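1. Any chance you can model this:
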Amino acid sequence: MSTDYDILVVGGGMVGATMAYALSPLPLRIGVIEAVPFKSDSQPSYDDRAIALAYGSAKIIATMGLWDRLADRVSPIKQIHVSDRGHFGVTRLDSAAEKVEALGYVVENRVVGAVLAQALPKLENVELICPATVTHVDLMADGAHVSIHGEDGARQLSARLVIAADGGNSVVRQLLQIPTRSWDYGQTAVIANITPARHHQGVAYERFTDSGPVALLPNAGADDPKRCSLVWTVRSGDAERLLNLSAADFLAELQQRFGYRLGELEKLGRRHAYPLKLLRAKQQVRPRLALIGNAAHTLHPIAGQGFNLGLRDVAVLADVLADVLAEACGKGEDVGAAAVMQRYADWRRWDHRKVIGFTDTLARLFSNPLAPVALARNIGLCAVDIVPPLKRALTRQTLGLAGKLPRLALGLPLQKNE
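-> Predicted coordinates:
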């Protein structure tokens, strides 16, 4: 089957755009379908949401050649302090002990988006198809047909492989009737930027409470070096009340939950709320199809694993496709074949299960008010802090360096230089 593209990436958000950029060094014709026009003129503001990039994720981005465009806009996480409100348990992770520059980096979503929006249009083998929405997907033995509706009306595109990176409410997943497993945590994440009286010193705080974790991450701005990004998990019925509180009352209630490790909480940015659920697609691949990022797995934000897991999806899929092309030696190997998709799925299975299990267990365990459970989890926190093998295992997971790593995470390009 003659196709318009080798690969169609559906979704031009951070995971989808990164997928296209990661594949661009390979001899592939790539199309990116996105419902919203790409913009490169966005400027960061105090109220921007942020993500925590693990050390391994930063390495993937650096190997792709994008880190230099982000390096002066990130805040390094030098230490992580984990505690349980009202209890004795505490765990501390330190970048110096791991001999790395940082355990991770906090960066505003808008900054990453702007870098990708500037980079993608310059790639000769990547075509941006936007604004356009997908209306139908047909996976066949020798290719895939994707129907879209854009500014010029309806069109039909063909490809050897469709990569769905269109988020937790994936249209591709729904059109193909791929079943999911889901769990509503009954919690909502309230997100804002906070400025405390004391400088964060590069420390990320995760404080567990009976309604969910409170995370404060270093996110220094040019005009506000003490700024932190807040992710405050609350019971869903309480979110609206918090959004409607005055800034002073909101900060006072947060202060009571978080404590005074950073002194008085002084400044509050605009607040947003996002309901939390666990979702996992029962099929993450089919012949001609791969689901990546939130289209395949949507996690609780506890421990900040969601985007990092999606970025490893990108790196592994790029690795697998690079190998397929190398093995073909220019003979037209089928990048969407069932065996190729299964190779990707097999590689990702362990990481998906481990991270999803880890975040789900933490979310449930630390929201359980029963005294025996609280005692057990605090003993566990202390054990991790003082038992080197336990701390090492947690740190490797936090760094994004656990398990079999793809080339991009090892600092190796997808293709050898000729």
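2. secondary structure class for the spatially closest residue to Leu245 that is not a sequence neighbour?
-> Excluding its sequence neighbours, the residue lying closest to Leu245 (Cβ to Cβ, 6 or more residues apart in numbering) is Glu253, at 7.0 Å. For the C-beta atoms, the positions are set from N, CA and C on the backbone; glycine is no exception. Following DSSP: H, G, I helix; E, B strand; the rest coil, Glu253 is assigned to helix.
3. tally of neighbours for Glu253?
-> 16 (other Cβ atoms under 10 Å).
4. Mind jotting down where the helices sit in the stretch 201-350 of the chain?
-> 236-244, 247-258, 306-328, 338-365 (DSSP state H, counting those that start in this stretch).
5. Ok, which of those helices comes nearest Leu410?
-> helix 306-328 (9.5 Å; Cβ to Cβ).
6. Could you give me the buried positions within stretch 18-33?
-> 18-26, 28, 30-33 (16 or more other Cβ atoms under 10 Å).
7. So which of the residues you listed belong to strands?
-> Secondary structure from DSSP state E places Ile30, Gly31, Val32, Ile33 of those in strands.
8. Which two among those residues are spaced furthest apart?
-> For those, and using Cβ to Cβ, no pair is farther apart than Ile30 and Ile33, which are 10.9 Å apart.
9. Overlap of the contact sets of these two?
-> Common neighbours of Ile30 and Ile33, counting by Cβ atoms under 8 Å, 6 or more residues apart in numbering, are Leu8, Val9.
10. I'd guess Glu124 is in a strand, am I close?
-> No - the assignment for Glu124, made by three-state DSSP, is coil rather than a strand.
11. What about it, how many residues nearby?
-> Glu124, neighbours per other Cβ under 10 Å, totals 6.
12. List phi and psi for it.
-> Backbone torsions of Glu124, given as degrees, to the nearest 10, read phi -70, psi -30.
13. any idea how far Ala114 is from it?
-> Glu124 sits 21 Å away from Ala114, going by Cβ to Cβ, to the nearest Å.
14. Looking at the ones in strands among the buried residues of stretch 18-33, which is nearest Tyr105?
-> Val32 (25.2 Å).
15. Which helix or strand in the chain has the lowest average pLDDT?
-> Among the helices and strands of the chain, helix 371-386 carries the lowest confidence by mean pLDDT, DSSP states H and E, at a mean of 66.
16. For the stretch 101-250 of the chain, just list every one of the strands.
-> Using DSSP state E, counting those that start in this stretch, the strands of the stretch 101-250 of the chain run over residues 104-108, 126-129, 132-140, 143-150, 153-164, 180-196, 203-209, 212-218, 228-235.
17. Identify each buried residue in the third one, please.
-> Spelled out, that is strand 132-140. Neighbour-count burial for strand 132-140 [16+ other Cβ under 10 Å]: Ala132, Val134, Val137, Leu139.
18. Identify the residue spatially nearest to the third one, adjacent ones excluded.
-> I take that to be Val137. Per Cβ to Cβ, 6+ apart, closest to Val137 is Leu175, 5.0 Å.
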